[in-house]
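Colleague: turn this into a model:
(one chain, ligands or ions: 4)
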Amino acid sequence: QALERHIRMGAEQGGFLVYYQPKVDARDGSVVGLEALLRWRNDKNEIVSPAHFIPLAEETGLIVPLGLFVLRQACLDGKRWLDAGRRLRLAVNVSAVQVTESDFCDTVRRALKETGMPAELLELEITEGVLAQDVERTMSVLAELKSLGVSIAIDDFGTGYSSLSYLKLFPLDVLKIDQSFIRDMLVDRHSAAIVAAIISMAQGMRLRLVAEGVEREEQASELLKLGCHIMQGFLYGRPEPVAEIDRCFA
Ligand code: G
Ligand code: G
Ligand code: MN
Ligand code: NA
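Modeller: Ligands and ions are numbered 1, 2, ... in the order given. Next up, the predicted model:
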């Protein structure tokens, strides 16, 4: 309850902020996109990872206003960068609870309209938890989102259950290879084989690919050889406050 009260207060007092982590095309080193990652600055001025408060925010429904905050902020920043001549794809994490809300598509449509962010530059990252809900309903929500022009990425791909049947069922655009496979791919044959299989499957299905958690040059060069060229990870940049990103772009 204390944490819930703190989160509510944080939401009222502007204690939440959005960090951004770059996605880089390793073929030429260019930044092609950014993932928006929520942070909470608590009353001790510490930056708290969402891993510590998202589950509670989902239970209490606070994830809905928090998710809207992140979505709007990412659209505002994406439009600002676009106006400055940087055409970047902005990725926003979306919780299953948000997708279940009856007006989620309207919320996304409104955020795009009110900020002027082009739909084709917005990517929504969902986890298998979203796809595991009511299939009919999720399918119609995803179809409506796609008709707006936004793309759908599946986050942490390869870690949940039934991923392959989800790929067949749902209209997805992007697979984000889970960081656990990238972390182990140089030392463990099984992880390397899984990464290679995910890449060739995505190519066959004409899905875009992002490798998550790339920390070493050797991982990047192996991924490039296998045909995955968009990378996200500490090798290319950590999640940073927006002022820091602006400084890099200046
Ligand atoms: O940024 P970090 O690695 O600390 O994030 C921890 C977890 O929180 C990740 O699984 C990430 O996907 C999730 N997360 C970060 N920002 C958001 C957000 O805005 N909404 C939701 N639903 N999850 C987020
Ligand atoms: O679940 P999701 O993929 O949205 O979570 C992204 C999280 O992964 C971010 O909170 C970020 O801090 C973390 N992350 C991003 N790049 C790396 C990396 O190279 N190594 C590790 N260990 N974590 C990373
Ligand atoms: Mn993500
Ligand atoms: Na992930």
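Colleague: top strand in the protein by residue count?
Modeller: Among the segments of the chain that qualify as a strand by DSSP state E, the longest is strand 30-41.
Colleague: next SSE downstream of it?
Modeller: Counting by DSSP states H and E, the element after strand 30-41 in chain order, helix or strand, is strand 47-48.
Colleague: the helices in this protein, which residues?
Modeller: With DSSP state H as the criterion, the chain has helices at 2-12, 54-60, 63-83, 96-100, 104-115, 128-131, 135-148, 163-169, 179-184, 189-204, 217-226, 242-249.
Colleague: gap between whichever residue of the chain sits closest to ligand 2 and residue 125?
Modeller: Using CB to the nearest ligand atom, residue 233 is the residue of the chain that sits closest to ligand 2, at 3.2 Å. Every C-beta, even on glycine, is put in place using the N, C-alpha and C of the backbone. From residue 233 over to residue 125 the distance is 15 Å, taken as CB to CB, to the nearest Å.
Colleague: residues near residue 163, how many?
Modeller: 16 (other CB atoms under 10 Å).
Colleague: likewise the one 5 residues further on?
Modeller: A count of neighbours around residue 168, defined by other CB under 10 Å, yields 7.
Colleague: which parts of the chain sit against ligand 3?
Modeller: Where the chain comes near ligand 3, counting by CB under 5 Å from the ion, the residues are 93, 125, 155.
Colleague: average pLDDT across stretch 139-152?
Modeller: Mean pLDDT, stretch 139-152: 97.
Colleague: hmm, back to that, in a markdown table, list the residues of the chain next to ligand 3 along with neighbour count and pLDDT.
Modeller: Below are these laid out as a markdown table (neighbours: other CB atoms under 10 Å; pLDDT from 0 to 100):
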| residue | neighbour count | pLDDT |
| --- | --- | --- |
| 93 | 21 | 98 |
| 125 | 20 | 98 |
| 155 | 23 | 95 |
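Colleague: pretty sure residue 75 sits against residue 113.
Modeller: No - applying CB atoms under 8 Å as the test, residue 75 and residue 113 come out as separate, 9.6 Å apart.
Colleague: what residue ranges in the protein score low on pLDDT?
Modeller: The model of the chain has pLDDT under 70 over residues 1, 9-12, 162.
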